[in-house]
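K.L.:
attaching a predicted model along with its sequence, questions to come.
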Amino acid sequence: MKSGTYIKQVNRPLQFYAVLFLIVLYVPVLFLPLFSFNDSIYVKFPLKGFTFQWYIELLDREPVWAALMNSIKVGVTTSVIATGFGVFAAKAITRYSLPGRGPVVGFIMLPLVVPGIIFGVALLVLLSQLGIRLSLYTVTAGHIIVCLPFAIATMIPRFEGFDKSVEEASADLGENAWWTFWRITFPMVFPGILASLLLTFTVSFDEFIMAFFLSGSDATLPMYIWGQLRFPQAFPSILAMASIILAISFILVFLGQWINRDAHSNTFESK
Amino acid sequence: MMLQKSETLRAYSLLSPTLIIMAIGILVPFGILIVMSFWTQVGFGFDMTPTVANYEMATERPIYGALLKRSLWMSGMATVTTVLLCYPMAYFVAFHVHRNKMLWIVLMTLPFWTSYLLRVFAWKVVLGYDGVINSALMNIGLIEKPLEFLLYSQAAVIITLAHAWAAFAILPMYVSLEKIDRSLLEAATDLGDGPVMRFLRITLPLSLPGVMSATLLIFIPTTGDYITPALLGGPDGVMIGNLIQKQFGAVNNWPMGATLAIILMLSIAMITLVFLFATNFVRKRIS
Amino acid sequence: MTQDNAFISFRNVNKFFGKYQAIDDVSLDISHGEFFSLLGSSGCGKTTLLRMLAGFEAVSSGEIYIDGQPMSGVPPHHRPVNMVFQNYAIFPHLNVRDNIAYGLRKQKLSRAKRNDMVDDMLELIKLPEYGDHKATQLSGGQRQRIALARALILKPKVLLLDEPLGALDKQLREQMQLELRALQKTVGITFVFVTHDQEEALTLSDRIAVMSEGRYLQVDTPTGLYENPVSREVASFIGTMNFFDGTVTSIKDGNAVIKVDGLGEVSAPVGTMPLMAGNTVTVAIRPEKFLLTDDKPDGLQYSVKGQLNNAAYLGERSHYYVSIEGVSQPTAVSTQNRGRTKEIEAQNRPVWLSWDSAAIVVLKDV
């Protein structure tokens, strides 16, 4: 009470809780890299020795590389398409008076909420009735649907973050809609686009449920891992793979969020 | 008036790619799913004569109802756990972090974006028979034999679900807490409320919308989860999602799977409506 | 030590935010039942002072007394003060009645008694029909009244008002000023009022503290501040003031003879100001204290010839800017438009400015 503002008093128990929360949030995940360097095929304490063996083993496995390439192909295609459509959708949602905005946005955001399994089986049923063979294309299609809400949700704050009058000023100064978009809107929302690309790539790269129902003979990386989970002797190599995937995902998501951080601060702190 | 009309047109033309994809990806499949739920599996093909036999079977055979109930109960538990554990965290970041707020938010939500499968897998490693907890406890001599209840139990599934969906719960609660005007809290204090009463009379009611969306955002998707129960649930932890998945896999009875998916959706929709109705009622009563 | 009649006392109060000193050794007394205003531009410390009184900011050093009680360590919810917030801070999830009754919880009143009190308040703020309205559906002026009622119902010893009229449009603001003044007389509570609007402060207050950079420059009645400002800063903050540089040539019986650049030699009362011959001073004259004429008038002590540069017609009065040889800034003159005023005539015509020694304020700083 002696120092500082009444409402802003430090709350020690809450601080302690917050740190504990973060630890519990991260520690289970961090056991994966920890044991991936352990020189034992059993995942248990005490740790034996330090080894790169499980990582080196991965390099020699043809299916791992194939699965990785599949995941990258699907991820890149998904992120580009979802982000591309997402830009226009986010602009339409934020910039125009849109009759029925609430229901439309709610509809688009459905894949965030509806259980993945329901989407998976529904799409599976559709594809089979249309006679379309399951392949990486069908997985990509499923991923685009899953990723579009993420892309749009990432870019909406970006559009809301800058004033519509800036675009109007450009129009007033003689640029048409197309050039206004390229000279004003695009540079302003670019961090959002970049963030959306990174985030949707990660979501697709890590996605499992759609891949589970919609992939054909070509497996994505999470599907490959799922297949390996049956074999106890494959455990250490799964740990190594998981560690690599987690590391990449963490970096991409962190980058994406960080690039886009001022968009969030706009929406969260403008009030 | 003309301007308005052309603006609406422009907006919808910008939205059209997304809307078309979503229509093809959501509406059409759901339509077919509903239609298929009235079909019958015959060997590797379907008998397309409409029949409610699947629904009859789903209501008559107790296993379906029991699994559905258990799924709803387990994700309900996971939801309550998550919301209760995450609310203080959201509160902390909204009211007690003044610098690097964004960093905290990114840190809290980061795991959510990464592989769900791997996060579940991590809990298998932690809770397993030979896993981190058991081997650590045995090493320091606290237990003789591995604790069996850790893995393959409902508790394991609930813990894992709560952990996996934490970030999803924090965001909406954080946003609604952050939106609360700080002068309202000062006003409540000025009018005589201590910290506890202030929280109960101002902060909590004003953050309820965030708590509600967090609740729904976790409850709805977790009811259909099948990965977590498959990896960690054991026989006691099987959920309706596992059953649906089996109909499209090993059992190969797609119409039955479709029926179960529809039943699951309807149950979720009903519970959501009841929940919204109840919270609305309670809110009206409070104020 | 507090003065005997002081109801609120600031004693050597300092406030630091990190290294930034928001309040610089303020000692100030406010009497019971007074309408006291803290006036200054943003960042001058007026709001900080108010928030320290409310308990939202702790003092870094010094002490604040309310009704003789030291306030250090007393949290806001235990202080005998209530506040009207700048944005009103109306609870959006409660209706008007529950907003007003908010602070009554602790008093454990019967429902009937509480309803009566709220009804009285609704009557007082002239919103008797609005009890069941949602607070968010109300206009700015109505919310402002609810914020007032919510605080007054608790019968605080002091009511704090943080720029409560700032968000209202001009007409409503003027009406609310009158109501606020009347209300204060009715309830007889000490009001401490923060504003950056000098006209508002002059209209409402018994006394005003003009603040700048964490301290007050002068505490006085509206008339005192306007007629006898103690410094250039106060003089220019309250209303418009013309400043002229001068040098004291002689002093006798509280009257100084000053040689003023461009105006010549004038004599003016300086009271007990510690001045000596040879000191440089500022001579200040309000625009409306001048007489503006085409020809040199009789009957006034001093006259000087100038050139009319610029004029603005403002309805009830007109503003003129006159340049005088030897004075760098144009001199502002304000006249009442009595009778029917003609179009102001061509610029750059010669005019006379006249005044007498009662119009002159002598300021020590230059």
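P.N.:
Happy to help now that I have it.
K.L.:
any weak-confidence spans in the chain?
P.N.:
You didn't say which chain, so I picked chain A. A:1-8, A:263-271 (pLDDT under 70).
K.L.:
my question was about chain C
P.N.:
Scanning chain C for pLDDT under 70 picks out C:1-4, C:344-346, C:365-366.
K.L.:
what parts of it come near chain A?
P.N.:
Residues of chain C lying close to chain A (Cβ under 8 Å from any Cβ of the partner chain) are C:55-58, C:60, C:73, C:75-76. For every residue, glycine as well, the C-beta is placed using N, CA and C.
K.L.:
sec struct for residue B:152, please.
P.N.:
coil (DSSP: H, G, I helix; E, B strand; the rest coil).
K.L.:
wait, it sits on residue B:235?
P.N.:
Yes. Using Cβ atoms under 8 Å, residue B:152 makes contact with residue B:235 at a distance of 7.5 Å.
K.L.:
okay, those two: which has more neighbours?
P.N.:
A count of neighbours by other Cβ atoms under 10 Å in any protein chain shown puts residue B:152 above the other of residue B:152 and residue B:235, at 21 against 8.
K.L.:
was I right to think residue C:332 contacts residue C:318?
P.N.:
No. Using Cβ under 8 Å, residue C:332 is not in contact with residue C:318; the gap is 11.2 Å.
K.L.:
run through who's touching the strand or helix carrying residue B:18.
P.N.:
Under the criterion of DSSP states H and E, residue B:18 resides in helix B:2-22. Outside helix B:2-22, the residues that touch it by Cβ atoms under 8 Å, 6 or more residues apart in numbering or on different chains are A:85-86, A:88-89, A:91-93, A:95-99, A:104, A:107-108, A:110, A:144-145, A:148, A:152.
K.L.:
redo that, cut-off 6 Å
P.N.:
A:85, A:88-89, A:91-92, A:96-99, A:108 (Cβ atoms under 6 Å, 6 or more residues apart in numbering or on different chains).
K.L.:
how many residues are close by residue B:275?
P.N.:
14.
K.L.:
same question, residue A:257
P.N.:
Considering only other Cβ under 10 Å, residue A:257 is surrounded by 23 other residues.
K.L.:
what about the strands in the stretch 251-366 of chain C?
P.N.:
Remark: strands assigned in the stretch 251-366 of chain C by DSSP state E, counting those that start in this stretch are C:255-260, C:264-269, C:280-285, C:291-293, C:302-313, C:317-323, C:331-336, C:349-355, C:361-363.
K.L.:
would you reformat those as JSON lines and include mean neighbour count?
P.N.:
Below are the strands of the stretch 251-366 of chain C laid out as JSON lines (neighbours: other Cβ atoms under 10 Å in any protein chain shown):
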{"stretch": "strand C:255-260", "mean neighbour count": "20"}
{"stretch": "strand C:264-269", "mean neighbour count": "16"}
{"stretch": "strand C:280-285", "mean neighbour count": "20"}
{"stretch": "strand C:291-293", "mean neighbour count": "16"}
{"stretch": "strand C:302-313", "mean neighbour count": "16"}
{"stretch": "strand C:317-323", "mean neighbour count": "19"}
{"stretch": "strand C:331-336", "mean neighbour count": "18"}
{"stretch": "strand C:349-355", "mean neighbour count": "17"}
{"stretch": "strand C:361-363", "mean neighbour count": "21"}
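K.L.:
could I get the ones you listed as CSV with distance to chain B?
P.N.:
Putting these into CSV (distance: least, Cβ to the nearest Cβ, whole Å) gives the following:
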stretch, distance to chain B
strand C:255-260, 50
strand C:264-269, 46
strand C:280-285, 40
strand C:291-293, 48
strand C:302-313, 40
strand C:317-323, 39
strand C:331-336, 39
strand C:349-355, 48
strand C:361-363, 39
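K.L.:
for residue C:109, which of these is the nearest?
P.N.:
When the strands of the stretch 251-366 of chain C are compared by Cβ to Cβ, strand C:317-323 sits nearest residue C:109, at 53.2 Å.
K.L.:
give me the contacts around the closest one.
P.N.:
Contact with strand C:317-323 is made by C:306-312, C:330-331, C:333-337, C:353, as judged by Cβ under 6 Å, 6+ apart.
K.L.:
just stretch A:205-225 next, same as before
P.N.:
A:67-68, A:70-71, A:75, A:116, A:120, A:124, A:134-136, A:138-139, A:142-143, A:146, A:238, A:249, B:114-115, B:117.
K.L.:
so which of the residues you listed are in helices?
P.N.:
Members of the contacts of stretch A:205-225 lying in helices (criterion: DSSP state H): A:67-68, A:70-71, A:75, A:116, A:120, A:124, A:136, A:138-139, A:142-143, A:146, A:238, A:249, B:117.
K.L.:
which strand or helix spans residue B:220?
P.N.:
helix B:204-223.
K.L.:
other SSEs contacting the helix or strand just after that helix?
P.N.:
Following helix B:204-223 in sequence order, the next helix or strand is helix B:227-228 (DSSP H and E). Under the contact criterion of 3 or more Cβ pairs under 6 Å, 6 or more residues apart in numbering or on different chains; DSSP states H and E, helix B:227-228 touches helix B:154-178.
K.L.:
tilt between the helix it packs on and helix B:204-223?
P.N.:
Counting by axes from the mean of the first three to the mean of the last three Cα atoms, to 10 degrees, helix B:154-178 lies at 140 degrees to helix B:204-223.
K.L.:
all strands of the chain, in order?
P.N.:
Using chain A here. Under the criterion DSSP state E, chain A contains no strands.
K.L.:
look at chain B instead
P.N.:
When secondary structure is read from DSSP E, chain B shows strands at B:40-42, B:45-47.
K.L.:
could you identify which of these is most buried?
P.N.:
Most buried of the strands of chain B by mean neighbour count (mean count of other Cβ atoms under 10 Å in any protein chain shown) is strand B:40-42; its value is a mean of 15.
K.L.:
which strands or helices does that strand pack on?
P.N.:
Helices and strands touching strand B:40-42, as assessed by 3+ Cβ pairs under 6 Å, 6+ apart, are absent.
K.L.:
and stretch C:21-37, which residues are buried?
P.N.:
Neighbour-count burial for stretch C:21-37, counted by 16 or more other Cβ atoms under 10 Å in any protein chain shown, picks out C:21-23, C:26, C:28-30, C:34-37.
K.L.:
only alpha carbons, please: show it as PDB.
P.N.:
Provided in PDB are the C-alpha atoms of stretch C:21-37 (Å, rounded to 0.1, in the frame of the first residue of the first chain):
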ATOM      1  CA  GLN C  21       7.800  13.500  -9.500                       C
ATOM      2  CA  ALA C  22       4.100  14.000 -10.000                       C
ATOM      3  CA  ILE C  23       3.500  16.000  -6.800                       C
ATOM      4  CA  ASP C  24       6.100  18.300  -5.400                       C
ATOM      5  CA  ASP C  25       5.800  19.100  -1.700                       C
ATOM      6  CA  VAL C  26       2.200  20.300  -1.600                       C
ATOM      7  CA  SER C  27       0.700  21.600   1.500                       C
ATOM      8  CA  LEU C  28      -2.900  22.700   1.200                       C
ATOM      9  CA  ASP C  29      -6.000  23.200   3.400                       C
ATOM     10  CA  ILE C  30      -9.600  22.900   2.300                       C
ATOM     11  CA  SER C  31     -12.400  24.000   4.600                       C
ATOM     12  CA  HIS C  32     -15.600  22.200   5.400                       C
ATOM     13  CA  GLY C  33     -18.400  22.800   2.900                       C
ATOM     14  CA  GLU C  34     -16.100  24.400   0.400                       C
ATOM     15  CA  PHE C  35     -16.300  23.900  -3.300                       C
ATOM     16  CA  PHE C  36     -12.700  23.600  -4.000                       C
ATOM     17  CA  SER C  37     -11.200  23.200  -7.500                       C
END
